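**Q** show me how the following folds:
(2 chains)
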Amino acid sequence: MPDDPGPSQPRFLDPKSVAGKAPVVSETIDLLVVGAGKAGLRAAIEAASAGIQTVLVDENPVSHETMGEEVPRHFGQAMSGATRNRNAMIEAFVASEPLFEAAFEAGVDIRLGTACWGLYAKGPALRHLPGLVAGLVDATAAMLVAPRRVIVATGRRDMGLGFPGWHLPGVMGASAARLLVERHAGALDAKRVVVLGSDTEALLTALALAGQGITVAAIIEQAERPVAPADLVALVKQAGIPILCRSVVREALGRERVEGAMIGTLDTEGIPTGAETRLGCDGIVLAVGAVPMIDLLQAAGAACRFDPDRGGHVPVIDANGRTSLPDVFAIGDCAGIWPEKSRDSAVAEAEARRAVDAITGRDSAKPALAPPCAEIDVSTYRKAWLRASVIHARAEFPLCQCEEATARDLLELRPPRYIGWEGQMPEAHSLAALLAAGPPDPDQLKRMARAGMGPCQGRRCREQIATLLALEADADLAAVPLASYRAPVRPLPLALAGLIGEAPLQTEHWDSWFGMHAQWRPFWEVQEHFTLAGNDTSGEVASE
Amino acid sequence: MTRHPGGRDPQRAGAEVVIVGGGVTGLSAGFWLAREGVDVLVIEAGMIGAEASGRNGGGCSHHHSPLFAEEQRLWPLMDDLLGYPTEFRPERIRLAFSEAQMALYARAKINGEHQGFSTDILDAREAQKLVPLAGDNTVGGYFYHFGGHANPHRTLSGYAFAMEDHGGRAKQNTAVTGFRLAGGRVSGVETTAGFFGCDQLVIAAGPQTGRLAAMIGCDIPLAAARAEMIVTEPLPLMPYGGIDGNGLYGRQTLRGNLAYGGGPHEWVETEPGRAPDKPSSPLMSGIAARLATLLPKAAHARIIRSWAGVMENTPDGRPVIDHAPGVKNAIVATLSSVGFGLSPASGRAIRDLVIERHCTFADISTFRLDRFAQLEPDWRERLGWLPIP
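**A** Residues are numbered from 1 along each chain as shown, chains lettered A, B, ... in the order given. A predicted model of the protein is given here:
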């Protein structure tokens, strides 16, 4: 063995670089659990009971204003005024989940109304970080914390589905509707709804809403027959809820909010036939795709993959929930959604126990519960919905509501409307041409047409755009990469973010660019040869 | 050089001019060449404009550069030249929050005047009047009657579309693995998608430029770094979007978003043929604090994303646009981390080098590669441009 050369000379590192400028953290935490659903609560309880200092954060109840911005779910402005009463919402949120009591007793440090907007892991291009760093924000402050380990249990969101009028208040995501009804003391401003979709998740949503006294006027399904298993379909029929197959919403009707839905029938090819009926309703619940909420993990750099049996893109995990990021785990719906898991919370709680066992060095030898084959082919199913509802819509409407990009804008790759450009895009530069030249890439579509670039951070259009790309490329949804998530994964006011503070060296050396004297020397003063010895770096410099 | 506009076989493999790098510099060069009927092929390892070219502040105010006059002349013409919108808007205001900043920001005024462009000095009241989101914390600033800003994504698409409209081609997801050299000439490019013959070669591959140029025996001192920006939700449009200062660069986009960057960079290693990792970091908060000072009436605005890019720098931070030494038909180009705004002019300069052998509209002798002939070999260690161990 060669002799140990001993510690090498400390390197000189560029003072304008990140060296020596680790972020300022307000707190070190043994275990940070993000999300206080069944999985997160169970993990926090088990960890705290094992003597691990555990902080459990959950952004809920989010403020009425935040809900109004469709964050973190597609609330569709359907939250009632009751959500303005913050204390009442916190009480309702805690009371609606019995595991909270056990968590308090186990000594979990529970912080509600606290969102985790970023997770950062030390890595080859983030070498100045001390390890894991998480960004948190509550109503009054944003902060960074340094957790030794993180369990992410951020749950699910909903695939959006557009049709003319889908911008109207009252069109909402299924998980948003359930959150309001079940965890916010019934704070849903709708009495009579139609539910789109008929997989297990959709029917569970319909039953949950009906169970809280909301009339489900109909379940709308584009496929030939309901997707969920027969027992669930029977339960829905017993509840008196009609399931209309080979149907789509042609238009949401109403002036200020949803007052009805035009339901159109589809032919055997899945194309609207023209026959339509009006259904009176004050809510349209989008339940065509329950999607794992992986924003925090993907933005942190965790490896993700498309898994049709788990509801779409999910973090790559081992049997105990370990992601590709050291000391970061994923459990519950954000690690995968499948019918058995949705119907029995014991599945998610088992995932929580396994992750905590892994943290305490007791990796389970038993194989993890895994989804069976999905009840539907997610790719085919979502493409069929998009084709029937969006592509064959009877009028143009914004698919990306924030940036007002219609499906046609995306297909033609038109520059965004705010420019007011009146030129014609040649066929040669259409989306079809782009897809002929290279693989589908939603990030490319973001850059070219801004779809998914607005304040809702793509929550309503992300899956639709991926599906549109799959349709246009005639590819499986699995072939469309995930549009990248970016921190902050919750919109974060400048004023709050600016309170976090920074290393003194960062303040001292701050410059807009590299802070190089030579870079900005006007060309008429430049010497023939450049050497470091001859480089004048005297005096202050500001990059231009 | 032969010119034969139209009537070419779109499936042919090689081209008169092969440009390695589908960033803003390579695409602009491709546009200027194709526009004159030159058969041009841009080879890009990933997606067009997906790296640093699409990840910058969109500023067009490079008063220190020999390409400045051409940059200023061309930007107002680019929408018409390309046939697609770039979102260019002229002029720039820089606000100061201390007398020290006020003094530092005077350099742009001096440089501009040297080249015939004027600048107004603003007092605090005038600054607030011109910048509705500014507050009474500003001590004043400068209204530069030059510069401006454009949208990098839109501009990149514009170059690529216009180049293709003129018969040029772009091949994406194709990494260069080597070059064929014979008799002091490059005869073509080896790639993951096969061989592409060429009469002339341009290497304009951002952080990969050094590695690729080395394959034709050309040594360009370069190091790569990661830098980041934040973007807020859209706000009502201010009369001038080109507002910066307080240690930040950036702009209000025509959509209304505030897009700003600044602060420390991170030196990184890159790998051949692979896009670099470019995570953003908690630096977001430092940018946010300074932006809330720059534009206090926007302090409520919410950040909706942050992102990072990786770009290269030469030891003096200045571009290289030059013939590769010892090779008769190859040109190397790096804009050294300041490439977007200069791209209309840098692409035209490369077009000149390809066709005329020299730049016809500006003296770009400061972009010569041999200025580094006497550079200390351990320059990178001496500058500390190294990843943290």
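
**Q** mind checking the SS state of the closest residue to chain A within the stretch 251-389 of chain B?
**A** In the stretch 251-389 of chain B, the residue found nearest to chain A is residue B:317; the distance is 2.7 Å by C-beta to the nearest C-beta. (Glycine included, C-beta is placed from N, CA and C.) Of the three states, residue B:317 takes coil under DSSP: H, G, I helix; E, B strand; the rest coil.

**Q** which bits of the stretch 51-200 of chain A sit near chain B?
**A** Residues of the stretch 51-200 of chain A that fall close to chain B, judged by C-beta under 8 Å from any C-beta of the partner chain: A:118, A:120, A:123-129, A:133, A:135, A:142, A:144.

**Q** buried members of those residues into PyMOL, please.
**A** The buried residues among these can be selected in PyMOL (16 or more other C-beta atoms under 10 Å in any protein chain shown) with this line:
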select buried, chain A and resi 118+120+125+126+127+128+129+133+135+142+144
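
**Q** which one of the residues of the stretch 51-200 of chain A next to chain B is nearest residue B:42?
**A** For these, the residue nearest residue B:42 by C-beta to C-beta is residue A:125; the value is 26.6 Å.

**Q** that closest one against residue B:271, yeah?
**A** No. Using C-beta atoms under 8 Å, residue A:125 makes no contact with residue B:271, being 11.6 Å away.

**Q** picking that back up, count of residues packed around the residue of the stretch 251-389 of chain B closest to chain A?
**A** 21 (other C-beta atoms under 10 Å in any protein chain shown).

**Q** mind giving me the domain split of the chain?
**A** Since you didn't name a chain, this refers to chain A. Domain segmentation of chain A under automatic domain parsing yields A:27-156+A:291-359, A:160-288, A:397-479, A:511-544.

**Q** my question was about chain B, not that one.
**A** Split by automatic domain parsing, chain B gives B:15-56+B:153-222+B:315-372+B:379-383, B:89-149+B:223-313.

**Q** contacts only, for residue B:331.
**A** B:200, B:201, B:202, B:203, B:321, B:322, B:323, B:324, B:350, B:353, B:354 (C-beta atoms under 8 Å, 6 or more residues apart in numbering or on different chains).

**Q** can you list which of those are found in strands?
**A** Those of the contacts of residue B:331 mapping onto strands are B:200, B:201, B:202, B:203, B:321, B:322, B:323, per DSSP state E.

**Q** so which of the residues of the stretch 51-200 of chain A next to chain B belong to helices?
**A** Using DSSP state H to define helices, no part of these is located there.

**Q** quick check, nearest of the residues of the stretch 51-200 of chain A next to chain B to residue A:202?
**A** When these are ranked by distance to residue A:202 (C-beta to C-beta), residue A:118 comes first, at 32.0 Å.

**Q** possible to save the ones in strands among the contacts of residue B:331 as JSON lines with distance to chain A and neighbour count?
**A** What follows is those, written out as JSON lines (distance: C-beta to the nearest C-beta, whole Å; neighbours: other C-beta atoms under 10 Å in any protein chain shown):
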{"residue": "B:200", "distance to chain A": "24", "neighbour count": "22"}
{"residue": "B:201", "distance to chain A": "22", "neighbour count": "26"}
{"residue": "B:202", "distance to chain A": "21", "neighbour count": "30"}
{"residue": "B:203", "distance to chain A": "21", "neighbour count": "29"}
{"residue": "B:321", "distance to chain A": "13", "neighbour count": "28"}
{"residue": "B:322", "distance to chain A": "14", "neighbour count": "21"}
{"residue": "B:323", "distance to chain A": "18", "neighbour count": "18"}
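
**Q** how about low-confidence regions in the chain?
**A** Because you didn't say which chain, this covers chain A. Residue ranges of chain A with pLDDT under 70: A:1-9.

**Q** not what I meant, chain B
**A** B:1-12.

**Q** quick check: longest strand of it.
**A** Taking DSSP E as the criterion, chain B has its longest strand at strand B:302-313.

**Q** enumerate every residue touching residue B:34.
**A** By C-beta under 8 Å, 6+ apart, the contact list for residue B:34 reads B:40, B:162, B:163, B:164, B:166, B:167, B:168.
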